[in-house]
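Engineer: Just the structure for this:
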Amino acid sequence: MKKALLLLLVASVVSPAYSLDFSLDKLNLADLDVKAAPAPAPVPAAAVKAEEEVPQDLVYKFQQLKNDLWRLESDTTWLRSDINRLETDARRIEQGTSSPFFSSDLRRMSTDMSRRLNDLQRYALDMKNLLNLARKDAKLNQLASDIEWDARDLDNRFQFDVINAAQSLEYTVRRIDPKLIGYDTQWTASDLSRICRDIQWKTRDLRWDAQELVRKTRP
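Structural biologist: Here you go, the predicted model:
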């Protein structure tokens, strides 16, 4: 009797435990039977916007202004020496030495300087036009840098060399007796000095605009 009761007690304890193990096994298998989540579809890379090509006529306009300023800069390389030579001739006249071509040389110098002023005024308008058309581009920026280089050289040349030479010539001519050199020659020397100052004002503005052009075209 006691053995029967003992067997019954053991069976009652083992059965729930076995049932619990079986349920846990089923749960573990269910957990393991999870379908793998599908990999996210790759996001297509944003299309790179094609860089707009700079019109060739715009490149030509930059190149044309660069060439014009380079020619003017080259044309004025020896300008100070030419004016100093005129002053040397004026001093000889003051000392009583004849110089029959001095007046005509001075008038030609003044005429040439007026032409340079007219050219600079035209180049200044071209520069303003380029500032309105400018866009960020490596080629345009290189041309703008060349333009700025020549504009800076021109401005420095007139500011520190040509104006001083022209003013010195004017002072020398004006102190000479008009009977020796002529009133017209004195007026021409004054005009030359004034035109050189006008040119320097233009070269200063041109230099500032050229610096702005470099900034506007920098990629």
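Engineer: For the rest of this, base every contact and every neighbour count on C-alpha atoms.
Structural biologist: Noted.
Engineer: buried set for stretch 127-136?
Structural biologist: 127, 130-131, 134-135 (16 or more other C-alpha atoms under 10 Å).
Engineer: Just these: which are in strands?
Structural biologist: Secondary structure from DSSP state E places none of those in strands.
Engineer: Spatially, which two of those residues are the most separated?
Structural biologist: Met127 and Arg135 (13.8 Å; C-alpha to C-alpha).
Engineer: for the chain, which spans come out with low pLDDT?
Structural biologist: Per-residue confidence of the chain (counting by pLDDT under 70) places the weak regions at 1-51.
Engineer: all strands for it, in order.
Structural biologist: Using DSSP E, strands in the chain do not occur.
Engineer: show me what contacts the residue lying closest to Ser110 once chain neighbours are set aside?
Structural biologist: Leaving out its chain neighbours, the residue that sits closest to Ser110 by C-alpha to C-alpha, 6 or more residues apart in numbering is Leu192, at 5.0 Å. Counting by C-alpha atoms under 8 Å, 6 or more residues apart in numbering, Leu192 touches 109-110, 113, 166.
Engineer: quick one on the thing from earlier: helices - which of the buried residues of stretch 127-136 land there?
Structural biologist: 127, 130-131 (DSSP state H).
Engineer: For this structure, which segments are assigned as helices?
Structural biologist: 2-32, 56-75, 79-94, 102-133, 138-157, 163-174, 178-181, 183-217.
Engineer: if we can go back for a sec, scan the contacts of Leu192 and report the most crowded one.
Structural biologist: Counting neighbours by other C-alpha atoms under 10 Å, Ala166 leads the contacts of Leu192 with 27 neighbours.
Engineer: gap between that one and Met109?
Structural biologist: From Ala166 across to Met109, the span is 10 Å (C-alpha to C-alpha, to the nearest Å).
Engineer: swap in Ala144?
Structural biologist: Per C-alpha to C-alpha, Ala144 is found 31 Å from Met109.
Engineer: Could I get the buried residues of stretch 127-136 in a markdown table, plus columns for distance to Gly182?
Structural biologist: Putting the buried residues of stretch 127-136 into a markdown table (distance: C-alpha to C-alpha, whole Å) gives the following:
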| residue | distance to Gly182 |
| --- | --- |
| Met127 | 41 |
| Leu130 | 46 |
| Leu131 | 47 |
| Ala134 | 51 |
| Arg135 | 54 |
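Engineer: What is the nearest of those to Arg85?
Structural biologist: Once C-alpha to C-alpha is applied, the member of those that ends up nearest Arg85 is Met127, at 33.7 Å.
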